[in-house]
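K.L.:
3D, please:
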Amino acid sequence: MNRRVVITGMGAVTPLGNDMSSTWEGLISSRSGIGAITRFDASPFSCRIAGEVRGFDPGSYLGPKEARKTDPVIHYALAAALMAREDAGLSLSPSQALRTGVLIGSGRGGVTTFERNMALLLSRGPKAVSPFSTPMSLVNMASGYVAMTLGAQGPCLDVSTACATGTHSLGEAMKIIQRGDADAMLAGGAEAALTPLILAGFCQARALSERNNEPRRASRPFDRDRDGFVLAEGAGVLVLEERGHALKRGARIYAELSGYGLSSDAFHYTRPAPDGAGSARAMQLAIADAGMQPQDIGYINAHGTSTAPNDRIETFAIKKAFNRHADQLSVSSSKSMLGHMLGAAGAVEAAITCLALQTGIIPPTLNLEHQDPDCDLDYVPNTSRKKEINAALSNSLGFGGINAALVLKRSSDS
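P.N.:
Coordinates of the predicted model:
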């Protein structure tokens with residue numbers, strides 16, 4: 001377990017852009033990627049806004065026939081993975097392929113495929129259902145398809161833990177490398193759940209913002225007037241490598257992934273435990289796993305969904321985990337501009353945290369106009385901030401009371 005893990009490549013598809021650089025520029029420029037839903041007629045829904053991926057062409061990453069056979073979640077995952085591999089300059093020789101794995105999770109998998117084929121089954125009968133409907137809709141197929149495309153023959157698996165999926169995926173991939181089962185992993189999360197069924201379910205649960213007339217102001221984490229999260233889609237994939245492996249091939253190193261913590265509230269299937277103890281424990285475990293103290297952390301990329309209970313409870317959790325140091329932290333929510341990308345969120349947010357470490361720029365929490373008195377930390381309101389930080393934490397909470405946290409630190413090899 002002395003094998004150190006570094007980040008050498010990043011790729012993303014998000015509502016702010018179809019690569020990591022445009023996503024980052026949008027974030028530090030305080031630009032929202034949220035707008036009216038155009039994917040389908042949303043007029044019957046109480047929420048008609050989302051963080052859509054726009055201008056994405058799957059044909060840039062796979063042929064027309066393969067694009068038709070595969071779900072959008074696979075399109076996003078493959079695009080992010082190929083960008084991450086190119087960014088890392090990672091080539092797979094026959095021997096290296098055996099030591100390279102893939103772990104790209106998803107909360108919903110190929111739900112677009114599922115909905116389309118269910119509609120065909122109900123309207124035209126079983127023979128209208130595509131023979132590809134099962135493999136296209138499996139949650140693990142993002143990992144499987146990326147592995148097949150790259151020829152990666154190492155560990156290949158999937159994590160599906162709702163909104164904590166991306167964070168768990170990176171943490172578990174880190175542990176795979178640390179225990180010696182691989183030298184490199186392409187890890188992250190992908191989601192393409194902007195569909196009528198998923199939107200309807202969240203609307204009926206009254207979880208979504210209904211600021212339909214001002215979509216860019218709808219996601220407002222930690223703000224007194226927040227009224228729910230904004231559904232979004234996309235993917236984030238990072239290349240993780242054992243440090244010696246990366247140095248040997250002369251790879252650029254963004255940061256070190258040094259700590260991972262996870263826990264369960266064991267409380268409720270949608271609401272986090274009111275005292276924030278479970279999330280606090282995940283953060284504490286991640287810090288301990290990194291061999292650090294709470295005061296070593298300078299920035300937290302918060303889960304920050306813009307729902308009333310979640311933001312308040314996450315604030316409680318941060319104060320519980322960091323005690324007096326909580327007041328010294330900079331905390332921000334990328335979901336204020338990206339929306340909630342569900343299973344992809346944690347991976348994209350870890351990449352954002354990595355860039356904050358590398359650049360010394362902390363992206364803001366947009367739309368924080370009237371701070372909730374119960375949310376009383378420094379949330380970097382509305383404008384990005386220059387701040388040199390040596391270590392940061394990325395935090396995720398998921399339905400089912402699932403918590404995960406990652407600690408990243410600046411690398412001396414960067």
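
K.L.:
low-confidence stretches in the chain?
P.N.:
The chain contains residues with pLDDT under 70 at 1, 414.

K.L.:
could you chop it up by domain?
P.N.:
As given by automatic domain parsing, the domain ranges for the chain are 5-248, 260-409.

K.L.:
can you lay out the ones you listed as JSON lines showing distance to Y254 and mean neighbour count?
P.N.:
Any C-beta I mention is one placed from the backbone N, CA and C, and that applies to glycine too. Formatted as JSON lines, the domains of the chain follow (distance: least, C-beta to C-beta, whole Å; neighbours: other C-beta atoms under 10 Å):
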{"stretch": "domain 5-248", "distance to Y254": "5", "mean neighbour count": "21"}
{"stretch": "domain 260-409", "distance to Y254": "5", "mean neighbour count": "22"}
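
K.L.:
which SSE is L408 in?
P.N.:
Using DSSP states H and E, L408 maps to strand 402-409.

K.L.:
can you list the strands that that strand pairs with?
P.N.:
Strand 402-409 has the following strand partners under DSSP bridges: strand 255-264 (antiparallel), strand 391-398 (antiparallel).

K.L.:
strands of the protein, start to end?
P.N.:
With DSSP state E as the criterion, the chain has strands at 5-13, 35-36, 49-50, 100-105, 156-157, 184-191, 234-242, 255-264, 299-301, 330-332, 361-362, 385-386, 391-398, 402-409.

K.L.:
which one of those strands lies nearest to H168?
P.N.:
With C-beta to C-beta as the criterion, H168 lies closest to strand 402-409 of the strands of the chain, at 5.0 Å.

K.L.:
need the longest helix for this protein.
P.N.:
Longest helix of the chain, by residue count under DSSP state H: helix 72-88.

K.L.:
from what I can see I300 touches A391, true?
P.N.:
No: if you go by C-beta atoms under 8 Å, I300 and A391 don't touch, sitting 10.5 Å apart.

K.L.:
residues contacting E214?
P.N.:
By C-beta atoms under 8 Å, 6 or more residues apart in numbering, E214 lies in contact with nothing.

K.L.:
how close does it sit to R48?
P.N.:
Between E214 and R48 the computed distance is 12 Å (C-beta to C-beta, to the nearest Å).

K.L.:
equivalent analysis for T113, please.
P.N.:
24 Å.

K.L.:
please apply the same query to N117.
P.N.:
Going from N117 to R48 by C-beta to C-beta gives 25 Å.

K.L.:
I'd say G107 and T167 touch.
P.N.:
No: using C-beta under 8 Å, G107 makes no contact with T167, being 11.9 Å away.

K.L.:
who are the neighbours in contact with the closest residue to S384 other than its chain neighbours?
P.N.:
Leaving aside its chain neighbours, S384 sits nearest to I28 (4.3 Å; criterion: C-beta to C-beta, 6 or more residues apart in numbering). For I28, the contacting residues are I361, P363, S384, by C-beta under 8 Å, 6+ apart.

K.L.:
do the same with R216
P.N.:
Counting by C-beta under 8 Å, 6+ apart, R216 makes contact with S32, I34, G35, N367.

K.L.:
mind redoing it with 10 Å?
P.N.:
Contact partners of R216, counting by C-beta atoms under 10 Å, 6 or more residues apart in numbering, are R31, S32, G33, I34, G35, I49, V230, S336, M337, L366, N367.

K.L.:
farthest-apart pair in the residues you listed, please.
P.N.:
It's R31 and I49 that sit farthest apart of the contacts of R216, by C-beta to C-beta, at 15.7 Å.

K.L.:
how about the nearest residue to L27, chain neighbours excluded?
P.N.:
P363 (4.0 Å).

K.L.:
separation between the one you found and M185?
P.N.:
From P363 to M185 the distance is 26 Å (C-beta to C-beta).

K.L.:
now the helices for the stretch 201-350 of the chain?
P.N.:
243-248, 277-289, 308-322, 335-338, 345-359 (DSSP state H, counting those that start in this stretch).

K.L.:
Serialize these to CSV and add fields for distance to P131.
P.N.:
Formatted as CSV, the helices of the stretch 201-350 of the chain follow (distance: least, C-beta to C-beta, whole Å):
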stretch, distance to P131
helix 243-248, 40
helix 277-289, 42
helix 308-322, 41
helix 335-338, 35
helix 345-359, 31
